[in-house]
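got a sequence here, can you build the structure:
(one chain, ligands or ions: 1)
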Amino acid sequence: MDYPRQYHDSLHNSGSYWLQQAENISWYKRPSIGLRNDSDNNYSWFDDGQLNTCYLAVDRHVEQGRGEHVAFYYDSPAAGVKQKISYLQLQEQVSVFAGAMLEMGVSKGDRVIIYMPMIPQAAVAMLACARIGAVHSVVFGGFAANELAVRIDDAQAKLIVTASCGIEFEKVIAYKPLVDKAISLAEHKPKKTVVMQREMLPATLDDVGDVSWEEFVRNGEATPCVVMDSNDPLYILYTSGTTGKPKGIVRDNGGHAVALKLAFNGIYGMGENDVWWAASDIGWVVGHSFIVYGPLICGASSVFYEGKPIRSPDAGAFWRVISEYKVNSMMCAPTAFRAIRKEDSQGSLVAKYDLKSLRWVFVAGEKLDSSTYQWLKDILQVPILDHWWQTETGWPMTSPMMGWDNPCAARLGSTNKCTPGYDIRVLSEEGAEVGSNQVGNICLKLPLPPGVSTSIWNQPERYKQAYLAAFNGYYHTGDGGYKDEDGYIYITGRTDDVINVSGHRLSTGEMEEVVSSHSDIAECAVIAVNCSLKGQIPIGLVVLKTDANISDNQLQTELVAKVRAQIGALACFKDVFVVQRLPKTRSGKILRAVLRKIAAHQPYQIPATIDDPAILEEIEVLLTQYYTR
Ligand code: AMP
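Sure thing, here's the model as predicted:
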C-alpha cells in the first residue's frame, strides 16, 4: 500500500475509500452509504450499517477457529499475578457477564460506569456492555469521588462496576469507599454496584445495592450479541475541557470499528499473530482503542499490564514485559520513559532481557522531547515513532503508516504526516491558512473520518461550541503547531486551558474551581509550569481575601489536600503562590494566555488592554525563582 495514493483517495474519494475499508470488518448489514454530508457540515458514516463491536472483538475469532489464541496477557507486578486469557475464555466471561447485566435490567442504551484498576474484568465489563448495547463509561481509577459523582450524574448510570481496590506501587487503595462516597454525592443513584473482590483488600458490601462479581455472574446466562446500528453509541469517555465540567465524548460502533482496524493494521503495522502492548490504562482513550478494542478487533494478543514503568520491582519492568511476551510493538507516553531514564540513566537494565521481538515503539500523549527520543533510540535500537491524537478522535491524526509500504520517515520534533481521512490545516486567529513553518491553530477540515466523535453526551450544542464554532468548516483541536513544506506536522502545545500532566489531560479551570472554593481565597489562576519528568505540572497563583488569616504554608497544605480530594492525586497539584493581584484586562478578564506563556518560558506580548503591566514582571520573577529553586 502506498501512502500518497491512499491518502489522496481517503480525502477526495472519501465515501468509496471508507466503504472499502468497511469491507475489512464483519457486519450484520453491510453499509451501502459511506459518507452522508449536508451543506451545513453535518455528516455521518455508514448510516445503514449494522454490527456488534463485541462480536468483532471476541466471537468472530472463536468462530474462525482462533478461540485458543491469546487475547490478553494480564501481567500484574502490582498484584503478583500473570494470566493468559484466550479468545474463547474471554467469550465465556463476557457473554455471562452480559447475561447477568440483562438479568438485572440493564438493556440497550443504558449507561454503565466502570471504575476499575487494570484487571481483565474491566475489559470483560466493557465488552459485555458492547455485547448487549449498553453504553459504558470507564472512569480512571485515580479520579476522586467527586469526579466520579459528576460522571454518574451526567451519564445517569444504571450500574457501576468496580473492584474492591487498586494498587499504586505498594500502596493498596480501597475503591469501594470512593464509589460509596461518589454515589452519596451524586443526585442520580445507580441501581447496583458490582464489586470485583480482590484478595489483598476485600470490600464490605451492603445488602441493598452491592453485589460481588462472583455472585452477580452466578445469575448470568451466556447471551448472544445484539444487532447495533452503526451510529449507536458504544461508549462515553469523559475528558477535560476548558470549563469545570468534563465533556462526555461519545463514540459510535461502526466508524470506530472500521477506523481501529485501519489504525491497528495500517498505522501500528500489527497483524493477528502479533503481540502488542499499549502501556496505558483503560481509563484513557489509549486503553479503549489500543488495549481493548483495536487489538481484539484485529485478533491480535494485547498485553494488559497492571504496574508502573519503575519500581515494578525495578526500572527494567517494561523490558521484562517485552521479552516475556515477545512484544512486537508498544505504545506509551514519553513520561514513562523519562521515569525509567531517571532511575536507570544508562539503560543498563535493557541488557538483562532479550528484546529481539520488538520492531518499533510508538509514543504519544504529550510532546516527545529530543533527549528522551535519543536516549530511547540508543538503548532500544529500534525506530521510535511519535504520533499525535486525542480522546475525541479515538485514533491517530498524524503518524507513520508502519503497516504500509515505505512509511513516511520520522522527522525529529514532528508527529509525522496526516493519517487517512485527516485534512490538517494550520489557521491564524482570523481563520486564514498560514504558510509552511508558521505557527497557528491546528485544525481539521470537515468532514472528519470515521471513528472521530461527533457529539458530547447530552450536550450536542456544547460539541459545536467547543470544536466547531471557532473556525467555520473546521474542527478545532485546541493544539497549536505548524506544518513544514513536506506536510509534516509539529505540535507545539495546547492553546487553551487544558494541560498535560504525565500524558493525562487536565483542566486548569476545574482546579481553579476547587482552589477558589477555599474560604480565604479571593481569586486564583492555575497554570502549568514545565516539569522534566511529567511534562507539565499545575501551580496555583492565589489572591487572598483581605481578612484572611492563614500562613502561606498552611494555605498550601490545605489547597493541595483539597485538589487531591476533589480531583485526585493524578493532578499533581503541589505548589501555591500568594500574589497581590492577577494580571487582568481592563474589563477584568484574567490574562491566561499571557500567564501560560510566562510559565512556559515563551516570549509574550503585553496586551494593550492590560490593567497593570507591573504585575507581569512580579509573576515572572516568582516563576524564575520557582524554576531555579
Ligand atoms: P488526550 O485527549 O488526553 O489523549 O490528550 C490529547 C492531547 O495530548 C492533544 O490535544 C495534545 O495536546 C497532546 N498530545 C497527544 N499526543 C501528542 C504528541 N505526540 N505530541 C504532542 N502533544 C501530544
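
which parts of the stretch 201-350 of the chain sit against the ligand?
Remark: the part of the stretch 201-350 of the chain in contact with the ligand comprises 239, 285, using C-beta under 6 Å from any ligand atom. For glycine as for every other residue, the C-beta is placed from the backbone atoms N, C-alpha and C.

and the nearest residue to W404 once chain neighbours are set aside, how many neighbours does it have?
In space, not counting the residues next to it along the chain, W404 is nearest to M1; the distance is 4.2 Å by C-beta to C-beta, 6 or more residues apart in numbering. By the other C-beta atoms under 10 Å criterion, the neighbourhood of M1 contains 12 residues.

return the residues in contact with V576.
Shown in contact with V576 (C-beta atoms under 8 Å, 6 or more residues apart in numbering): 515, 539-540, 542, 552, 555-556, 559-560.

state the distance from the residue nearest to W404 to the ligand.
23 Å (C-beta to the nearest ligand atom, to the nearest Å).

OK, contacts around that residue?
For M1, the set of contacting residues under the criterion of C-beta under 8 Å, 6+ apart consists of 266, 401, 403-405.

where does this protein have low pLDDT?
Low-confidence segments of the chain, defined by pLDDT under 70, span residues 242-244, 587-588.

go again using 80 as the cut-off
For the chain, the stretches flagged by pLDDT under 80 are 1, 39, 169-170, 207, 240-245, 585-589, 605, 607-612.

what parts of it come near the ligand?
239, 285, 364-367, 386-388, 390-391, 415, 477-479, 491, 494, 500, 505.

which of those fall in helices?
When these are checked against helices (DSSP state H), the matches are V285.

before we move on, the earlier item: nearest to the ligand, of the contacts of V576?
I539 (19.1 Å; C-beta to the nearest ligand atom).

let me know the helix or strand that the closest one is in.
If you go by DSSP states H and E, I539 is part of strand 535-544.

show me what that strand is packed against.
strand 498-501, helix 508-516, strand 521-531, helix 552-566, strand 575-578 (3 or more C-beta pairs under 8 Å, 6 or more residues apart in numbering; DSSP states H and E).

the fourth one: which residues count as buried?
The one in question is helix 552-566. Judged by neighbour count using 16 or more other C-beta atoms under 10 Å, the buried positions of helix 552-566 are 555-556, 559-560, 562-564, 566.

select the longest helix from the protein.
Longest helix in the chain, counting by DSSP H: helix 87-104.

ok, and what's touching the next helix or strand after that one?
Moving toward the C-terminus from helix 87-104, the first helix or strand encountered (DSSP H and E) is strand 111-115. The contact list for strand 111-115, computed with C-beta under 8 Å, 6+ apart, reads 101, 106, 122, 125-126, 129, 134-139, 141, 148, 151-152, 155-162, 175, 178-179, 190, 236, 282.

could you do stretch 473-486 as well?
Under the contact criterion C-beta under 8 Å, 6+ apart, stretch 473-486 has outside partners 41, 388, 390, 397, 411, 414, 417, 424-427, 431, 434, 436-446, 448, 452, 466-470, 489-496, 498.

give the buried residues for it.
Using 16+ other C-beta under 10 Å as the burial criterion, the residues of stretch 473-486 that qualify are 474-483.

and which of these is nearest E221?
For those, the minimum distance to E221 (C-beta to C-beta) is 43.4 Å, reached by Y475.

in what helix or strand does the closest one lie?
With elements taken from DSSP H and E, the one containing Y475 is strand 474-483.

for that strand, which strands pair with it and how are they oriented?
Paired with strand 474-483 in the same sheet, following DSSP bridges, are strand 440-445 (antiparallel), strand 489-494 (antiparallel).

got the angle between the last one and strand 535-544?
It refers to strand 489-494. The directions of strand 489-494 and strand 535-544 differ by 20 degrees, with axes from the mean of the first three to the mean of the last three C-alpha atoms, to 10 degrees as the criterion.

how far out from the middle of the chain is strand 489-494?
For strand 489-494, the distance from its own C-alpha centre to the chain's C-alpha centre is 17 Å (C-alpha atoms, centre = their mean, to the nearest Å).

which other residues reach that strand?
When contacts are taken as C-beta under 8 Å, 6+ apart, the neighbours of strand 489-494 outside the stretch itself are 367, 388, 398, 413-418, 424, 439, 442, 478-484, 500, 600.

run through the helices of the stretch 51-200 of the chain in chain order.
Defined through DSSP state H, counting those that start in this stretch, the helices belonging to the stretch 51-200 of the chain, from first to last, are 53-54, 60-63, 87-104, 120-132, 145-155, 176-185.

point out the most buried one among the ones you listed.
Each of the helices of the stretch 51-200 of the chain was given a mean neighbour count from mean count of other C-beta atoms under 10 Å, and the largest, a mean of 30, is that of helix 53-54.

residues making contact with it?
Applying C-beta under 8 Å, 6+ apart, the set of residues contacting helix 53-54 from outside is 94, 98, 127-128, 130-131, 225, 228, 234, 253, 256-257, 293, 297.

how about the nearest residue to whatever residue of the stretch 451-600 of the chain ends up closest to the ligand, chain neighbours excluded?
Using C-beta to the nearest ligand atom, the point where the stretch 451-600 of the chain gets nearest to the ligand is R505, with a distance of 3.4 Å. Here the nearest residue to R505 in space, its sequence neighbours aside, is S240; by C-beta to C-beta, 6+ apart that works out to 5.1 Å.

with K191 instead?
Taking C-beta to C-beta, 6+ apart, and ignoring the residues beside it in sequence, K191 has K158 as its nearest neighbour in space, at 5.5 Å.

same check, this time on N500
When the adjacent residues along the chain are set aside, N500 lies closest to E366, with 4.7 Å between them (C-beta to C-beta, 6+ apart).

can you name the residue of the stretch 51-200 of the chain nearest the ligand?
Here the stretch 51-200 of the chain gets closest to the ligand at one residue, F140, 10.4 Å apart by C-beta to the nearest ligand atom.

wait, isn't that residue in contact with W284?
Yes - counting by C-beta atoms under 8 Å, F140 does reach W284; the two are 6.5 Å apart.

so what's V227 up against?
Contacts were defined as C-beta under 8 Å, 6+ apart; by that measure V227 touches 28-29, 50-52.

an error on my part: the question was meant for M118.
76, 281-282, 304-306.

try N549
Taking C-beta under 8 Å, 6+ apart as the contact definition, N549 lies against D520.

circling back: surely the residue nearest to N500 meets G535?
Yes - checked against C-beta under 8 Å, the pair E366 and G535 is within contact range at 4.5 Å.

overlap in contacts of these two?
What both E366 and G535 touch, as defined by C-beta under 8 Å, 6+ apart, is the set 334-335, 500, 502-503.
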